[in-house]
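1. quick one: sequence and predicted model below, then my questions.
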Amino acid sequence: QVQLVESGGGLVQAGGSLRLSCAASGRTFSSYTMGWFRQAPGKEREFVAAIRGSGSRTYYADSVKGQFTISRDNAKNTVYLQMNSLKPEDTATYYCAASLSITTQATEYRYWGQGTQVTVPS
């Protein structure tokens, strides 16, 4: 069982930055691929970024490449999402998730956090 708790969301002006954190329980954090997903009102949940258990490789949605950076600290059981140059279209609830597979598919993530809201006013 893995419990995930996100933090760091908020309201930020366009062009600003936020860093989301996701703290995980359990002793096997480094075994999990960690992903970030987001869901805007009226839209489906979409993949944002993922990182392998070792941190050796990262994956990004085309829409955030060069803008967002995912990282992890296995000693702290925490994964991060650094978000720069934020735009109104980045407004969404952001979720972290854990999977034992190396995947970007939401259906393959077994554990999910409760989400943290990011709002970028237009």
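-> Okay, I see it. Just so it is clear, the model here is predicted, and its values are computed rather than measured. Numbers count the residues shown, from 1 in each chain.

2. excluding residues flanking it in the chain, which one is nearest residue 34?
-> residue 79 (4.2 Å; C-beta to C-beta, 6 or more residues apart in numbering). Every residue, glycine included, has its C-beta placed from N, CA and C.

3. now do the contacts for the residue most central in space within the chain.
-> Centroid-nearest residue in the chain, with C-alpha atoms, centre = their mean: residue 36, separated by 2.4 Å. Contacts here follow C-beta atoms under 8 Å, 6 or more residues apart in numbering; on that basis residue 36 touches 20, 22, 48-50, 68, 70, 79, 81, 94-97.

4. what about it, which SS state?
-> strand (DSSP: H, G, I helix; E, B strand; the rest coil).

5. can you list contacts of the helix or strand where residue 6 lies?
-> Following DSSP states H and E, one finds residue 6 within strand 4-7. With contacts defined as C-beta under 8 Å, 6+ apart, strand 4-7 is touched by 20-25, 94-98, 111-116.
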